[in-house]
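Chemist: Sharing a model that was predicted from the sequence below.
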Amino acid sequence: MVAASRVKKAEGRLQQAKPYANKLEELLMRLSSTGQFSHPFFETRDAKNVCLVVVTGDRGLCGSYNANIILKAESFLRSQYKNVKLFLIGKKGFDYFRKRKWEILDKVTDISGKLDYKRIEDITNQLIGYYLSGTVDEVHLLYTSFRSIMSYKANIDKFLKIESPASKDEDKAVQYIFEPDVNGIFEKLLPKYVTTKIYISLAQSFTSENASRMMAMKLATDNATEMIDKLTLMRNKARQAAITKEITEIVTSAEALK
């Protein structure tokens, strides 16, 4: 019941944030297709150092949710010939990877499923700092994409650099007027875009986690109920057998005394 209440709230927050995120992405992609600006987020680099942001839960009792994310992360780490560094969000991911060989840039274990925009903005700025300083050349985001209560999947998306969209004929025909200037607009727009992307990814992960926990608890309850029914039936059969045996012994003894 607690998980069901939380998943409803988490899904509501996710649905509220999606229109803003989609419109912001659409605006950014349309403006970036003009090619009239330059920004480090769009630079093409030789990706020698890669950062993988892994979003797991802080608690267990959610079925295979955390295990699936860790397996996806392990698969990514083994498939890379580059130097991969980890940025871990969630206690379960940190508890697992701190005993492994991969370098951990930083960890965040105090979010506890809360979508605090200021806290998420701090995390985003930290990742941007790693990217702009050259500590890493690419940032990939591993999170759980929420589709429905019964369907969610671990995904890996490239977070930085931002991929420029392919130019379209209709975009070439549009003449944009930028005020005050192109770079000034993108300096304000891009931080909001990347923060919103992290926000949406965490919202999807938290919703998926609560959905997984709700289903795990439902299955546990159903299994426990089934086990209680079976044990109750076994107890009643044993009790009935004991009563039948006692009655038989009494009848036999009575017949023997005649």
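Modeler: Sure thing, it's come through.

Chemist: Could you find the closest non-adjacent residue to residue 96?
Modeler: In space, and not counting its chain neighbours, residue 96 is closest to residue 70: 5.5 Å by CB to CB, 6 or more residues apart in numbering. Placement of C-beta: from N, CA and C, glycine included.

Chemist: Might one say that the one you found is in contact with residue 90?
Modeler: No - when contacts are counted by CB atoms under 8 Å, residue 70 is not listed as touching residue 90 (10.3 Å).

Chemist: any residues in contact with both of these two?
Modeler: 54, 56 (CB atoms under 8 Å, 6 or more residues apart in numbering).

Chemist: per-residue confidence for the residue nearest to the spatial centre of the chain?
Modeler: Nearest to the mean C-alpha position of the chain, by CA atoms, centre = their mean, lies residue 205 at 2.7 Å. Looking at residue 205, its pLDDT is 87.

Chemist: What helices and strands are in contact with the helix or strand harbouring it?
Modeler: For residue 205, the element it lies in under DSSP states H and E is helix 182-257. Of the remaining helices and strands, those touching helix 182-257 by 3 or more CB pairs under 8 Å, 6 or more residues apart in numbering; DSSP states H and E are helix 2-32, strand 49-55, helix 65-79, helix 117-132, strand 138-148, strand 151-160.

Chemist: Extract the residue ranges of the protein that are flagged as low pLDDT.
Modeler: When residues are selected by pLDDT under 70, those of the chain lie in 33-37, 81, 164-176.

Chemist: The same query, at a cut-off of 90, please.
Modeler: Applying pLDDT under 90 to the chain flags the ranges 1-51, 57-68, 70, 72-85, 90-139, 143-223, 242, 244-258.

Chemist: tell me the most buried of the helices and strands packed on helix 182-257?
Modeler: strand 49-55 (a mean of 24; mean count of other CB atoms under 10 Å).

Chemist: What pairs with that one, parallel or antiparallel?
Modeler: Next to strand 49-55 in the sheet, as set by DSSP bridges, lie strand 83-89 (parallel), strand 138-148 (parallel).

Chemist: Just the buried residues of the helix or strand just after the shortest one, please?
Modeler: Right, strand 83-89. As assigned by DSSP H and E, the chain's next helix or strand after strand 83-89 is helix 91-97. By neighbour count with 16 or more other CB atoms under 10 Å, helix 91-97 contains the buried residues 91-94, 96-97.
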